[in-house]
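In: got a structure for you, letters missing:
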Ligand code: GCU
C-alpha cells in the first residue's frame, strides 16, 4: 500500500485502472513444470473464502493488509481475512452455498502454511491444477503472478517470497464471462468458479526438469525422448526404461536435449493398455512417468491405431456434478469410465475444455482413446490478438500437461464456430501450434455443416487431420432426411467423426413416436442415427452427446429446468435412460467394444 493510500484510504475509490499492476507475471505453458513422480506438499483442504463482487480487494489491496484484529484498527476496513467462510479446496463456490450458486465475480481464497527449507531444493514453485477463469496469487502480501484460462494447470515460482515458518497465501479467483475470453460469455454449460483442482508446493533443485516426453515413432521401432530444463545450462541427462533394458544419456545444450533410440515396446492399445515406467534424470532431479507407446495416424478416411483401422465408439462428457460442480474426484472419473465401458465405448470426447489430468492417466490404464480440446466454443472474439494468445496458451498448457498420455489421440481446436475469415485464421494458427508442439497426434475440430452446398465442408478442414461433425438431424430438425442428403452429398478426403449427435429426454418421460423429450424418442433417435452413420464409409467414429445430463442456465423448459437433458444417464449419474441401452446395443452390434 503506498504512503498516499495510507493517508487517503479512499484513493482507490476512483482508480478504474486498479487491475493493471496485476496483469504482469502471468504463468504460461513455458513456466509449467512436470510433476510426475515428484514429492509435493498438498495445499488442498481448509481455506477461507471472501467473495468480492466489485474487485474491492484489488482496489484496496486487501492482500497488503496486516492481520491485526478489528479491535486494534486505527481506521475501519472492508476486509477481515478471518471473517472469510471456511471452504475446502478443491471446490466450486457455486455448489457450497445456495446464495453463491450464480455468483460471477472475484473471490479471495486465503490459507497459511509453514515452510522449512528442504535439503537439495533451492527452489520452490506453487502448482495449481486449474482456477476458473483468472487467478492472481499473493504470498505474504507480495503479488507473485497469475494465470488466465479456466481449465489448464499453471506453476508460479515463489522461491524469493517464501518465509521460513508461517506463510500467508492468498489467491484471487474471478469467473466473469467476457466476450474476449476463451470461452466467451455465451456457453451451453454452467459457469462454475473457484480453485477447483489441486494446489501444491513443489520443492525443486536449483536446475530442474521442466518438461520430459517419450513418443514412439511412426516406424514403431524407436522412441524419441525430449527434455527441457528450467535453465539454459549444458550437461548430460539420462532416461531409463528398465522393462526394456533401455538406459540412454541425453546430451543437453542450453537447457534442451533430444535423442531417438531403437526400442520395441509392447504396443499400447485399448485391448492391451501396456504402460512402461520411464525415468528421466538430470543432476539431482528426477521425474518418473508411466507411458504407453502407440502410434496414431489418419490414412485416407480411416484412423489407424498402431497401423490398424479403429472405429471410435464414443461418448462426450462434461465436467459437471450435482454435488461437486466442476470438481472431478477420482471416484467421479472412474464412474465416468465405468459407464463408458458399459456403454461399449473405446473413445471419449472430453468436451469442451481440458479435463482433470487424472482422466487421461486413468484412460491410459483402462484403455480408452480420448479427444481433448480447448474451449474455442461458438462465437469467440476471433479478431482479437489477445484472445488468440489466450487460446494458444491454453492449448499449449493442455499439450504440455498431457504429452505423455497414450490415450489422448486428438487435440481439438474448437467447437461449432461459424466459418469466417477471422475464425479460419485463428483456428488454423491453433492447428499449427498443436502440430508444432506435438507432431505425434491428430488435430481436429467439431465443425458445422456447409448449409449452402449441404455437404461436410469447412475451410478449416484443410488444416485438420480429422473432421469433427456436430449434427442433430432428428432432434433440432424434424427428421433424418437431411442426414441422408448430407452423407450422400459429401466426399471428404480425411476421416470424419460425428463429434456430437443427441436428443434430450427427461428421465421417466415416455411417449410413442416422435414425442420430444421422451426417453422413447431419444432411444429411437440413436437407432436412426447409428444405422446411417455406420453405413457411411468415410465416418470413422461417433461421440454421442453425451453421457450425463448437465447444468446449463440457458435451458428452461419444464423438461429442462436449467439442465441439458441429452444425457444417456440422468444428472444423478445413476438413472440410465432407454437410449443408453439402445446405443449400447448398437455398439455391441459392431463387435467387441474395443
Ligand atoms: C452443440 C454444442 C453443445 C451443446 C449441444 C446441445 O452441439 O456443441 O455444447 O450442449 O449442441 O445442443 O445440446
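Out: Great, that's in hand. Note that this is a predicted model, so its numbers are computed, not measured.
In: gap between residue 201 and residue 63?
Out: 19 Å (C-beta to C-beta, to the nearest Å). In short, each C-beta sits where N, CA and C put it, glycine included.
In: for residue 302, same thing?
Out: Residue 302 is 55 Å from residue 63, by C-beta to C-beta.
In: neighbour-wise, which of those two wins?
Out: Ranked by neighbour count (other C-beta atoms under 10 Å), residue 302 and residue 63 place residue 63 first, with 25 against 16.
In: for that one, helix, strand, or coil?
Out: Look at residue 63: counting by DSSP: H, G, I helix; E, B strand; the rest coil, its state is helix.
In: Just the pLDDT at whatever residue of the stretch 1-150 of the chain ends up closest to the ligand, thanks.
Out: Using C-beta to the nearest ligand atom, the single residue of the stretch 1-150 of the chain nearest to the ligand is residue 150, 15.6 Å away. pLDDT, residue 150: 98.
In: same thing with residue 234?
Out: 98.
In: Near it, how many other residues are there?
Out: Residue 234, neighbours per other C-beta under 10 Å, totals 11.
In: And for the one 4 residues further on?
Out: Residue 238 sits with 15 neighbouring residues when counted by other C-beta under 10 Å.
In: Please name the bridge partners of it.
Out: Beta-bridge pairing for residue 238 (DSSP bridges): residue 249, residue 281.
In: Show me what from the stretch 251-400 of the chain comes close to the ligand.
Out: residue 352 (C-beta under 6 Å from any ligand atom).
In: Now name the helix or strand holding the residue of the stretch 251-400 of the chain found nearest the ligand.
Out: Closest residue of the stretch 251-400 of the chain to the ligand, C-beta to the nearest ligand atom: residue 352 (5.9 Å). Using DSSP states H and E, residue 352 maps to neither a helix nor a strand.
In: tell me the contacts of it?
Out: By C-beta atoms under 8 Å, 6 or more residues apart in numbering, the residues touching residue 352 are 183, 187, 189, 318, 373, 375, 377, 415.
In: element containing the residue most central in space within the chain?
Out: By C-alpha atoms, centre = their mean, the chain has its centre lying nearest to residue 354, at 1.0 Å. Taking DSSP H and E as the definition, one finds residue 354 inside no helix or strand.
In: which residues touch it?
Out: Counted by C-beta under 8 Å, 6+ apart, residue 354 has contacts 130, 151, 152, 372, 373, 374, 394, 397, 398, 401, 402.
In: Next, it: phi, psi?
Out: The phi and psi values for residue 354, taken as degrees, to the nearest 10, are phi -60, psi 120.
In: swap in residue 98?
Out: phi -50, psi -40.
In: which residues are contacting whatever helix or strand residue 426 lives in?
Out: Here residue 426 sits within helix 421-437, counting by DSSP H and E. Helix 421-437 is contacted by residues 374, 376, 380, 382-383, 387-388, 391-392, 395-396, 399-400, 403, 411, 413-414, 417, 441, 443, 445, 459-460, 463-464 when judged by C-beta under 8 Å, 6+ apart.
In: Please state the backbone phi and psi of the nearest residue to residue 251 once chain neighbours are set aside?
Out: Among residues not flanking residue 251 along the chain, residue 257 sits closest, at 5.5 Å (C-beta to C-beta, 6 or more residues apart in numbering). Taking degrees, to the nearest 10, you get phi -160, psi 150 for the backbone angles of residue 257.
In: Near residue 257, how many other residues are there?
Out: 22.
In: try residue 465
Out: Taking other C-beta under 10 Å as the definition, residue 465 ends up with a neighbour count of 20.
In: For it, give its distance to the ligand.
Out: 20 Å (C-beta to the nearest ligand atom, to the nearest Å).
In: what do you get for residue 227?
Out: 38 Å.
In: hang on, the earlier thing: would you list the contacts of residue 352 in a markdown table and tack on distance to residue 98, secondary structure and pLDDT?
Out: Output for the contacts of residue 352, formatted as a markdown table (distance: C-beta to C-beta, whole Å; DSSP: H, G, I helix; E, B strand; the rest coil; pLDDT from 0 to 100):
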| residue | distance to residue 98 | secondary structure | pLDDT |
| --- | --- | --- | --- |
| 183 | 26 | coil | 98 |
| 187 | 22 | coil | 98 |
| 189 | 20 | coil | 98 |
| 318 | 22 | coil | 98 |
| 373 | 32 | strand | 98 |
| 375 | 27 | coil | 98 |
| 377 | 28 | strand | 98 |
| 415 | 31 | strand | 98 |
